[in-house]
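> pasted the sequence and its predicted model underneath.
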Amino acid sequence: MKNPSPASQGPISTDTPPGRKADPDRLRPMERVVHYLLEEAGRAGWKDGGQLPTNRELAENLKVSIPTVNTAIARLVKQGRVRTRKGSGKYFVAQKPEAPQPRRIGVSSLLTGGGFSDPWENAIGGGMFHAALETPAPITLIGLSSVPLPELPEGQPEESNFRRLMAMRDQVCGLILFPYSLKRSYREKLVASFESAGKPVVYLNPDRTFGGANFVSPDYHTAGSRLGRALRETGRKRIAVMLGDPENSVSSQLWHAGLCHGLGSTLGDGITLLTREKLLHDEEVAHRVFAEMLTKEKAKGAKIDAVFCLSDISAMGVCRAALEAGLKIPADLSVIGGSGVDLTGRIFPHLTRIHPSFQQWGRALVELLLHRLDTKNLDYPGIILPAPFIGGGSTTARENRLLEIPPSPFVPETAQ
């Protein structure tokens, strides 16, 4: 099993370079045996019919149990890479080179001739398209727009997306699942159906339903922790946190956990978190909700001095409500976004926000799915990508230094 991309790695640090080979010590024992045998076959140039070491020798060399070796060998026999001869041992079966076969990959998002329908998805999709173009085998990305809408009563988008994705299953070899495409109950049914049909699924952001495997995600927890420390050290005391639906958004949970870690596990020193959940990427809704929060806080004689929004678009609504209330950003109120989209032409284009490499994100998703296909749906540990902060226009100079945001000629000096 050759693993030439970050998709084969275990949980990696944020400074692990993409494309580095897997560390076998990070694989599960059975996967380590499979990895060793196929890698050794490649290095040694084993010919068809070359005899494998005994199971005991493999167990001793790799420091695993003999039953683990037995399970690994059984998998390779099932895949046609090893054959057994009663009484004489086990033998390697060389794979004959095959011409690359075209592949169709499903994406749980609308996809038209001009790209993805959402700017955030479009940025990630750029990396997916580049990865698809660079593979030896032709790859076609298939979006929801290629599947006819089922006839359903109005107001049932979840059921509609679920049925369209199920209809897509027989058209594709695997699926890239965006986090908000389906609610948890639908995701469980969908993934079970695809995986049982031999069509692997990979996730954009971790999915708590399916454990810590087969996903690509920015390091939200570390970014949240860094932000929490910066706000604590600059004396912010009353912090509004505007998140998505925690039932379906693991990124919301990771951001919240990271913020709490950075601020202090007990939120001591008089620090208060005001959390609002189930807010979509909607500027107008965020504007209304935050205006109401400011009014209620003012009536209590309290003052919000920092806001974190999971969505940068929601952060624009928060900035509008703050300015309308006579607050100065960032002197009176720091505002931070958590999605990293392009804000050109909006009220605060230099909003402080994370900025993961969308190209790297999309590329890693395609590579991860291809590796699952090449290894007969073998699970791979999730890939964690760096999530640096950019902007700096809506946080103070000291906060920017703590967040390691470089000075920018486009950000007012008062913020720097």
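Cool, the structure landed.
> show me what the helix or strand containing residue 221 is packed against.
Using DSSP states H and E, residue 221 maps to helix 220-233. Counting by 3 or more C-beta pairs under 8 Å, 6 or more residues apart in numbering; DSSP states H and E, the packing neighbours recorded for helix 220-233 are helix 250-263, strand 389-390, helix 397-402. Heads up, the C-betas are built off the backbone N, CA and C, glycines and all.
> and these as JSON lines, adding mean pLDDT?
Formatted as JSON lines, these follow (pLDDT from 0 to 100):
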{"stretch": "helix 250-263", "mean pLDDT": "89"}
{"stretch": "strand 389-390", "mean pLDDT": "94"}
{"stretch": "helix 397-402", "mean pLDDT": "94"}
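> contacts only, for residue 61.
residue 53 (C-beta atoms under 8 Å, 6 or more residues apart in numbering).
> the closest residue to residue 147 other than its chain neighbours sits in which helix or strand?
Nearest residue to residue 147, sequence neighbours excluded (C-beta to C-beta, 6 or more residues apart in numbering): residue 164, at 4.1 Å. Counting by DSSP H and E, the element that carries residue 164 is helix 157-168.
> just checking, what packs against that helix?
Judged by 3+ C-beta pairs under 8 Å, 6+ apart, helix 157-168 is in contact with helix 184-196.
> how much does the helix it packs on deviate in direction from helix 157-168?
Here helix 184-196 points in a direction 0 degrees away from that of helix 157-168 (axes from the mean of the first three to the mean of the last three C-alpha atoms, to 10 degrees).
> using CSV, write out every CA atom in stretch 126-140.
Taking C-alpha atoms only, stretch 126-140 is exported to CSV below (Å, rounded to 0.1, in the frame of the first residue of the first chain):
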residue,chain,number,x,y,z
GLY,A,126,-10.6,25.1,-6.7
GLY,A,127,-8.3,22.7,-4.9
MET,A,128,-10.5,19.8,-5.7
PHE,A,129,-10.5,20.7,-9.5
HIS,A,130,-6.7,21.1,-9.4
ALA,A,131,-6.2,17.7,-7.8
ALA,A,132,-8.6,16.1,-10.2
LEU,A,133,-6.6,17.5,-13.2
GLU,A,134,-3.3,16.3,-11.9
THR,A,135,-4.2,12.6,-11.4
PRO,A,136,-3.2,10.0,-14.1
ALA,A,137,-6.8,8.8,-14.4
PRO,A,138,-9.4,11.2,-15.6
ILE,A,139,-11.7,12.4,-12.8
THR,A,140,-15.1,14.0,-13.1
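> same question for that stretch: list its buried residues.
Judged by neighbour count (16 or more other C-beta atoms under 10 Å), stretch 126-140 contains these buried residues: 126-129, 131-132, 139.
> quick one: residues contacting residue 89.
With C-beta under 8 Å, 6+ apart, residue 89 has these contacts: 51-52, 54.
> just the buried residues from these, in ChimeraX please.
In ChimeraX syntax, the buried subset of the contacts of residue 89 is picked out as below (16+ other C-beta under 10 Å):
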select :52
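> could you give the number of residues near residue 34?
By other C-beta atoms under 10 Å, 21 other residues sit near residue 34.
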